[in-house]
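Q: Please work out how this folds:
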Amino acid sequence: MRRAAAAVALFVGLTAVAACGPDDPDPAPASTSGAAGAAPSTTAGAPSGTAAPAPAPTKGGAPRPDGSITVAFAGDVHFEGRTGARLSVQPPEPALGPISRTLADADLSVLNLETAITGRGAPEPKTYTFRTSPKALSVLKDSGVDVVSMANNHAVDFGADGLADTLAAKDSSPIPVLGVGHNAKEAYAPYVTTVRGAKVAVVAASQVEDITNQKWRAGADKPGIASALDVPALVKAVETAKRQAPVVLVYLHWGEEGKACPTSAQTAVAKKLASAGATAVVGTHAHTMVGSGMLGNTYVGYGFGNFLWYGTSDYPNSNETGVTTLTLTADGKVTGETFTPATIDDKGIPQPVTGATAEAALKRRDGLRGCAGLTPPPVAAH
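A: So this is what the prediction gives:
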């Protein structure tokens, strides 16, 4: 994505930064603007600014009496610049910091890893390029993450050699990696699992119109990313997933950087995926939060913002982030939403916030729903 030139100075180690998105301005408290909303639901435990161990993952387990499951979503993650050191944190400190507790407490958690996984290859001809080591997948697992999307505009930042390494890392990953594959069939394939007795499928693709989607889109015999620009292929992937699981979650890389309202391309594909049976259609790329809520019976989150973030950017409110947790029935109905607000600190770590800061963050987030054309989701029972 486009980034301020000054951000390049932040990068040390493997490479300079990625074309995918600018980073937040120097960390600032959550904005106090926005429409009124319900009281925020924040994670109990560590106060803002302190690292606390995440509990042992509570994934799986027996079905709940009401048959419900919880799914947590977060935004874009990099291990570059100021966040590169998060690969080396020692247990019990999780790489994603205290908010890892929220991810670990969900029955399933999904986020976007916006980087190639390689130490080789020449950078693609773009302003910013990102890469990391396979250890990123292990530390994300240790932070409570269950599924990673790599369908984004930085997954192939280091060409064919980098893509080969990324796919090798995927093949040996301790957690499922979606949206990139040795061919289109693999890239679009859903991850299907059973969570507390409920069958769940997750699909990932990128809608960002950039060199990655032009040059490195997966084909019948070509490795690359799953493209949401090929709408029929994406719809078919969701329909295929729906035949395998009642709960279908679609994680997209989409939107316009710095814009807190969805684009027409986003709203158009969201409607098509809702019609195809998606339970939730969510994603990232804008480097700021975008509206979320209900589109008929489908939950749509147009932008979860940055999460573990390598540098700074000039986009408004780009330090505001959090974890969105949905409560779902086994047949795919959305029965509740909880948002755990956080602020990205000067080390790039999402720190949970409480009190007035959390109230303001939630009000601003809920205020973004208007231009998204969505209705409020049900509030999760506590």
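Q: Show me the shaky parts of the stretch 1-150 of the chain.
A: Flagging of the stretch 1-150 of the chain using pLDDT under 70 yields the residue ranges 1-60.
Q: repeat that with 90
A: For the stretch 1-150 of the chain, applying pLDDT under 90 flags the ranges 1-61, 91.
Q: Return the distance of the residue lying closest to Ser68 once chain neighbours are set aside relative to Ala380.
A: Among residues not flanking Ser68 along the chain, Thr327 sits closest, at 5.4 Å (Cβ to Cβ, 6 or more residues apart in numbering). C-beta coordinates here come from the backbone N, C-alpha and C atoms, glycine included. Here the criterion is Cβ to Cβ, to the nearest Å. By it, Thr327 lies 5 Å from Ala380.
Q: more neighbours, the two?
A: Neighbour totals were compared for Thr327 and Ala380, and Thr327 leads with 23 against 17 (other Cβ atoms under 10 Å).
Q: element containing that one?
A: strand 320-328 (DSSP states H and E).
Q: next helix or strand past that strand?
A: Using DSSP H and E, the first helix or strand after strand 320-328 is strand 334-344.
Q: could you give the mean pLDDT of that next one?
A: Strand 334-344 shows a mean pLDDT of 98.
Q: How about that strand, which residues are buried there?
A: For strand 334-344, a neighbour-count test (16 or more other Cβ atoms under 10 Å) marks Val334, Gly336, Glu337, Thr338, Phe339, Thr340, Pro341, Ala342, Thr343, Ile344 as buried.
Q: quick one, it and strand 320-328 angle?
A: Angle of strand 334-344 versus strand 320-328, following axes from the mean of the first three to the mean of the last three Cα atoms, to 10 degrees, is 160 degrees.
Q: Return the list of strands paired to the helix or strand just after strand 334-344, each annotated with direction.
A: Next helix or strand after strand 334-344 toward the C-terminus (DSSP H and E): strand 350-352. Sheet pairing for strand 350-352, assigned by DSSP bridges, gives strand 334-344 (antiparallel).
Q: centre of the chain versus the strand it pairs with, how much separation?
A: Strand 334-344 sits 13 Å away from the centroid of its parent chain (Cα atoms, centre = their mean, to the nearest Å).
Q: Convert that strand to CSV, retaining C-alpha atoms only.
A: Only the C-alpha atoms of strand 334-344 are listed here, as CSV (Å, rounded to 0.1, in the frame of the first residue of the first chain):
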residue,chain,number,x,y,z
VAL,A,334,-25.4,-14.7,14.1
THR,A,335,-26.8,-14.2,17.6
GLY,A,336,-24.3,-11.8,19.1
GLU,A,337,-21.3,-9.5,18.6
THR,A,338,-18.8,-8.3,21.2
PHE,A,339,-16.0,-5.8,20.4
THR,A,340,-12.8,-5.6,22.6
PRO,A,341,-11.2,-2.3,21.8
ALA,A,342,-7.5,-1.7,21.8
THR,A,343,-4.9,1.0,20.8
ILE,A,344,-1.7,0.2,19.0
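Q: neighbours around Glu359, how many?
A: 20.
Q: got the phi/psi numbers for it?
A: Here is the backbone geometry of Glu359 (degrees, to the nearest 10): phi -60, psi -50.
Q: Please save the CA atoms from the helix or strand hosting Leu103 in CSV.
A: Using DSSP H and E, Leu103 maps to helix 100-105. C-alpha atoms of helix 100-105 as CSV (Å, rounded to 0.1, in the frame of the first residue of the first chain):
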residue,chain,number,x,y,z
SER,A,100,-4.1,-12.6,22.9
ARG,A,101,-6.3,-13.6,25.7
THR,A,102,-9.4,-12.5,23.7
LEU,A,103,-8.3,-14.5,20.7
ALA,A,104,-7.5,-17.6,22.8
ASP,A,105,-10.8,-17.5,24.6
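Q: Which neighbouring elements make contact with that helix?
A: strand 69-77, strand 320-328 (3 or more Cβ pairs under 8 Å, 6 or more residues apart in numbering; DSSP states H and E).
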